[in-house]
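Q: just to be clear, the model below is a prediction. Sequence and coordinates:
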Amino acid sequence: MAARGRCPECGSESLVEDAHYAQQQLVCAACGCVVSEGLLTTTYTDEEHLREVAYSQSTGQKEQLSRCLQRGIRRVQDLCKVLQLPAVFEETAVSYFQRALQLPAFHLVSLEKKELLGGCCVFVTCRQHNWPLTMGTVCSLLYAKQDLFAGVYLSLQKELGLSVPALSLADLVTTHLNSFRLLQPTANVPAPFLEDREKLLARTVAIVELASQTWLVTGRHPVPVVTAAAFLAWQSLRPSPRLSCPLARFCRLAGVDLPPPAHLRLKELLEILQGMASQLSWLRGFDLDKKTVVKHIGDLLQHRVFLLKNAFSQQDGEEQQDTAPGQGSPGQDQGSPSSLVAQEQGCPSAGKQQCRGTLRPLLPPCLLHPRKRLRAAAPGAPASEPTGDEPISDSEIEQYLRSPEEIRALRKAKAW
């Protein structure tokens, strides 16, 4: 239908009214220019109160999702379905993914990193909802390298300003043990090697807590520690048929990978257990090695607070070592017959002060066994060996003056 007026583009008077998606528009028949458009009502965010807007501002003109965004959303949704996550988790992860793709930091990244971005959004969502999910699980599902996944995860956390709580050791143990095939009867697992889930979980958590108290977890990757603790817990529950099973076979039967540092964590845990076993009165007559001490892990964990305090020199009991050997405390007669007889009989209360000085301190392994790389000396004139008679300058004399606190600290170090 023709209408009056002129086209602002070509000046033609042949203007017609055309219905476009039930919306009347005034279009130039000569050049196709839209001279004016009508109003319509849609479900756009600005139209919640049924306010009429132009078609160019309505949902019909909204930009379609890009192919990369659609593929990423499908990847996030599929990952949530595989992990059987609640619907709220899926919605949160999708919103994180959409927000991340709008940031310039993720515009020019590689396609591989964009695919890992969806997994990072799912990982962040699970951590925020205290859902036990490890980075290794997500990497195995996405066939991704952990170092590359960690880089994308840190970038996402920084760009979006997300607060992600750390996963506790108890949750990590639960997640790691859920994948063990030793908890379910299968054809490849012998019957004596099967174990109850709750018993193995409780014993493993107790051993991991012991490792945390003895500085074996700090600064270490948690998976090797959990693997070694699960192996000891599994052996201690039925020692007779399982003591001959090595760690490598245990991991193969459980269907998990053997992390290389797990052997070192196992060795450190056995050293701690042997030190604790030496303080149990009913075990002092036995020559316990790294295999036989596994049989008594239940008793050692039950009394671990007392055994750790007596097996290793603690900071709270070091004040008793400030007195020199032979002097004793003011209220105790070192030469009394009762004290000598008690020491000969191995009474821990009487000989505690003398025995404690020979125990090593409870320190991180990096301090007990430091790895020092000695650098080769620069070529030059050979330096003369110190004799102890060299003069001390006035600027260095302050370094040789010790306070009473420093003297006590020196005595503690010598006692170690």
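A: Arrived safely, thanks for sending. Residues are numbered from 1 along each chain as shown.

Q: please report the distance of residue 213 from residue 272.
A: From residue 213 across to residue 272, the span is 9 Å (CB to CB, to the nearest Å). To be clear about C-beta, it is placed using only N, CA and C from the backbone, and glycine gets the same treatment.

Q: brain fart, residue 389
A: Distance of residue 389 to residue 272, given as CB to CB: 45 Å.

Q: quick one: which of these two has more around it?
A: residue 272 (24 against 5; other CB atoms under 10 Å).

Q: with adjacent residues omitted, what lies nearest to that one?
A: Spatial nearest neighbour of residue 272, chain neighbours left out: residue 214 (5.1 Å); criterion: CB to CB, 6 or more residues apart in numbering.

Q: is it true that the one you found touches residue 362?
A: Yes - with contacts counted by CB atoms under 8 Å, residue 214 reaches residue 362, the gap being 6.3 Å.

Q: shaky segments in this structure?
A: Applying pLDDT under 70 to the chain flags the ranges 1-4, 18-24, 37-65, 167, 313-360, 371-388, 392-402.

Q: the helix or strand containing residue 80: which residues count as buried?
A: Counting by DSSP states H and E, the element that carries residue 80 is helix 67-82. Buried residues in helix 67-82, counting neighbours by 16 or more other CB atoms under 10 Å, are found at 72-73, 75-77, 79-80.

Q: next: stretch 409-416.
A: The neighbour-count check on stretch 409-416 (16+ other CB under 10 Å) flags 412, 415 as buried.

Q: likewise for stretch 185-194?
A: 189, 193.

Q: end to end, how far does stretch 161-175 reach?
A: 27 Å (CA to CA, to the nearest Å).

Q: just stretch 295-304 next, same as before
A: 15 Å.

Q: quick one, what contacts the nearest residue to residue 97 once chain neighbours are set aside?
A: Nearest residue to residue 97, sequence neighbours excluded (CB to CB, 6+ apart): residue 121, at 4.6 Å. Counting by CB atoms under 8 Å, 6 or more residues apart in numbering, residue 121 touches 76, 93-94, 96-97, 100, 156.

Q: among these, which lie within helices?
A: 76, 93-94, 96-97, 100, 156 (DSSP state H).

Q: widest-spaced pair of these?
A: 94 and 156 (13.9 Å; CB to CB).

Q: between these two, point out the one with more neighbours.
A: residue 156 (24 against 20).

Q: pop the domain breakdown of this structure in here.
A: 15-59, 67-165, 170-314 (the TED database).

Q: nearest to residue 405, of those domains?
A: domain 170-314 (18.3 Å).

Q: returning to what we had before: show residues contacting the helix holding residue 80.
A: The contact list for helix 67-82 (CB under 8 Å, 6+ apart) reads 65, 89-90, 93-94, 97-98, 101, 114-115, 117-119, 121-122, 138, 141-142.

Q: go again using 6 Å as the cut-off
A: Residues outside helix 67-82 that contact it (CB atoms under 6 Å, 6 or more residues apart in numbering): 90, 93-94, 97, 101, 118, 122.

Q: turn those into CSV, including distance to residue 194.
A: Formatted as CSV, the contacts of helix 67-82 follow (distance: CB to CB, whole Å):
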residue, distance to residue 194
90, 35
93, 36
94, 41
97, 41
101, 47
118, 37
122, 33
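
Q: could you identify the most distant pair in those residues?
A: For the contacts of helix 67-82, the farthest-apart pair by CB to CB is 90 and 101; their separation is 16.8 Å.

Q: and the end-to-end length of stretch 100-119?
A: End-to-end distance of stretch 100-119 (CA to CA): 12 Å.

Q: and that stretch, which residues are buried?
A: Residues of stretch 100-119 classed as buried by neighbour count (16+ other CB under 10 Å): 100-101, 106, 113-119.

Q: before we move on, what about stretch 140-148?
A: If you call a residue buried by 16+ other CB under 10 Å, then stretch 140-148 has these buried ones: 142, 144.

Q: how about residues contacting it?
A: By CB under 6 Å, 6+ apart, stretch 140-148 touches 116, 119, 139.

Q: what's the helix or strand for the last one?
A: In this structure, residue 139 is located in helix 135-142 according to DSSP H and E.

Q: got the angle between that helix and helix 67-82?
A: Orientation check (axes from the mean of the first three to the mean of the last three CA atoms, to 10 degrees): helix 135-142 against helix 67-82 gives 120 degrees.

Q: export helix 135-142 as CSV, just CAs?
A: Coordinates of each C-alpha in helix 135-142 appear next as CSV, following Å, rounded to 0.1, in the frame of the first residue of the first chain:
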residue,chain,number,x,y,z
MET,A,135,41.8,-31.0,39.4
GLY,A,136,43.1,-34.4,38.3
THR,A,137,39.6,-35.7,37.9
VAL,A,138,38.6,-32.8,35.6
CYS,A,139,41.9,-33.2,33.6
SER,A,140,41.2,-36.9,33.1
LEU,A,141,37.8,-36.2,31.8
LEU,A,142,39.0,-33.5,29.4
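
Q: so what's the gap between it and the chain middle?
A: 14 Å (CA atoms, centre = their mean, to the nearest Å).

Q: can you give me every residue that contacts residue 122?
A: 79, 93.

Q: if we go to 7 Å?
A: Counting by CB atoms under 7 Å, 6 or more residues apart in numbering, residue 122 touches 76, 79-80, 93, 138.

Q: make sure it is indeed in a strand.
A: No - counting by DSSP: H, G, I helix; E, B strand; the rest coil, residue 122 is not part of a strand but helix.

Q: so it versus residue 174, what's the distance?
A: Residue 122 is 19 Å from residue 174, by CB to CB.

Q: looking at it, residue 215 is touching residue 367, isn't it?
A: No - using CB atoms under 7 Å, residue 215 makes no contact with residue 367, being 8.6 Å away.

Q: these two: who's more crowded?
A: Neighbour totals were compared for residue 215 and residue 367, and residue 215 leads with 18 against 9 (other CB under 10 Å).

Q: residues contacting the more buried one?
A: When contacts are counted by CB under 7 Å, 6+ apart, residue 215 is found next to 363-365.

Q: phi, psi of it?
A: In terms of degrees, to the nearest 10, the main-chain angles of residue 215 are phi 70, psi 20.

Q: now it: how far from residue 102?
A: To residue 102, residue 215 is 44 Å away according to CB to CB.

Q: give me the distance from stretch 211-224 to the chain's centre.
A: That offset, for stretch 211-224, works out to 10 Å (CA atoms, centre = their mean).
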